[in-house]
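Participant: coords please:
(one chain, ligands or ions: 1)
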Amino acid sequence: MLGLYLHIPFCGSICHYCNFNRGLFDAALKTRYVDALAREIAAAAQPQTAADSIFFGGGTPSLLSPTEIGRLIETCRQSFALSPDAEVTLEANPETVSRETLAGYRAAGVNRLSYGVQSFDAAELARLGRQHTPDAARRAVFEARHVGFENISLDLMMWLPGQAVESWLASVDALIQVGPDHASLYLLELYPNAPLRDDMARAGWSLAPDEDAASMYLDGLARLDDAGYEHYEISNVSRPGRTSRHNLKYWLDGEWLGFGCGAHSTRSGERWRNVSSTIEYSDRVERGSSVVAERRVLDGDERLEEALFTGLRLTAGLDLSVITARYGIDVWARYGVELQRFIEAGALVHEPGRRLALSRSGMLLANEVMVVFIGQPVR
Ligand code: SF4
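Facilitator: Below is the predicted model:
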């Protein structure tokens, strides 16, 4: 089934590390944009096509009112055969929600919240330029539970400037105490001109050494294991049955339609991307012209590479028989010689004919393993 992604590009302030497609909140532009988004979705309507997830990503989707979110969900429902139990996720920043808005989102059809918490350490949050405090994050989860949300995910970021292994693990412990159903643990990636780089230089904050970053990842996951979470993807853990249905489409070679500025879509072997600018996107929709900036057909090599890259991110690994059925190749016959050294190093696990998966420590070497799949033509 299809996943539907809706991009909401507005933020109350800009975090010091952020390289996403977003801009400062502007009430008039937001109103125009929501109209444009609803029009883009309606124009793409395929009422016979089944979809089972909607994901509001951003930006900060919780800057939209429950009424606006409800309107967009309803437009998706009228435009696609949305399953009754569809997973409907809203990304939210803790400082933007209240008990009332959360109740409104729930009534509008949102059934999963994904909070950008990033850290439970006030100084680390301030360094990142986040607008919430650790207590605000705790309160946001508490209020969401209070109004009936049973599926809540929290994002944490590791390897932050000035962060030691112990402070990272304290955030993991705090997350466990809050008790979300799902958690994503991301490594901070600093793009070349990130203001945080200047802050680091000025304040003398440094990144912990690489071996500490490895400890953060492995020790953090060990604590989550002990707390009953299942590690199912390189950066994601969940309570049993609470994996992200929408994100699994990205990792399981699935298909999705993205709506809004900068959104990507992948369907029937084609990939396309909308224009990035919020204003240009809104203008184009209002004029009735296409919002697609780039479209291309993926060739067999690219589709296979992507299926291998993304599938290997899952702890279950690649189902080799599915790859053979879909792409007509025997993964081991094709790549086995180059992969053997990773098996010997304990980074990869191979069950002939069935499964190829990264071990947990192998996940630290994921990029090196994936290089093996690049540029090897399908035979
Ligand atoms: S809230 Fe998210 S999207 Fe917005 S500036 Fe911060 S990191 Fe970027």
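Participant: Now the residue nearest in space to the middle of the chain: which helix or strand?
Facilitator: Among the residues of the chain, the one closest to the centroid is Asn247, at 6.4 Å (C-alpha atoms, centre = their mean). Using DSSP states H and E, Asn247 falls within helix 245-251.
Participant: thought Ser277 was touching Val291?
Facilitator: No: judged on C-beta atoms under 8 Å, Ser277 makes no contact with Val291 at a distance of 10.3 Å. The C-beta positions use only the backbone N, C-alpha and C, and glycine is treated the same way.
Participant: Just the residues contacting the helix holding Asn247, thanks.
Facilitator: Contacts of helix 245-251 with the rest of the structure, by C-beta atoms under 8 Å, 6 or more residues apart in numbering, involve 3, 5, 52-55, 87, 89, 233, 236, 254-256, 310-311, 313-314.
Participant: tell me which parts of this protein are close to the ligand?
Facilitator: By C-beta under 6 Å from any ligand atom, the residues of the chain that approach the ligand are 11, 14-15, 18, 20, 22, 58-60, 93, 116.
Participant: give me every residue that touches Leu257.
Facilitator: With contact set as C-beta under 8 Å, 6+ apart, Leu257 has these partners: 2-5, 44, 265, 267.
Participant: Spell out which helix or strand contains Arg197, please.
Facilitator: helix 195-203.
Participant: The residue in the stretch 201-350 of the chain positioned nearest to the ligand: what secondary structure?
Facilitator: Closest residue of the stretch 201-350 of the chain to the ligand, C-beta to the nearest ligand atom: Gly262 (11.6 Å). Here Gly262 is recorded as coil under DSSP: H, G, I helix; E, B strand; the rest coil.
Participant: now swap in the one 3 residues further on and tell me
Facilitator: Of the three states, Ser265 takes strand according to three-state DSSP.
Participant: Counting neighbours, what do you get for it?
Facilitator: 21 (other C-beta atoms under 10 Å).
Participant: Read off the pLDDT value for Leu207.
Facilitator: On pLDDT, Leu207 comes in at 89.
Participant: I'd assumed Met158 was in contact with it.
Facilitator: No: counting by C-beta under 8 Å, Met158 is not a contact partner of Leu207; they are 10.5 Å apart.
Participant: Quick one: residues contacting the closest residue to the ligand within the stretch 101-250 of the chain.
Facilitator: Nearest residue of the stretch 101-250 of the chain to the ligand (C-beta to the nearest ligand atom) works out as Gly116 at 5.7 Å. Residues counted as contacts of Gly116 (C-beta under 8 Å, 6+ apart) are 91-94, 130, 155.
Participant: Ala213: what's it in contact with?
Facilitator: 158-159, 187, 207.
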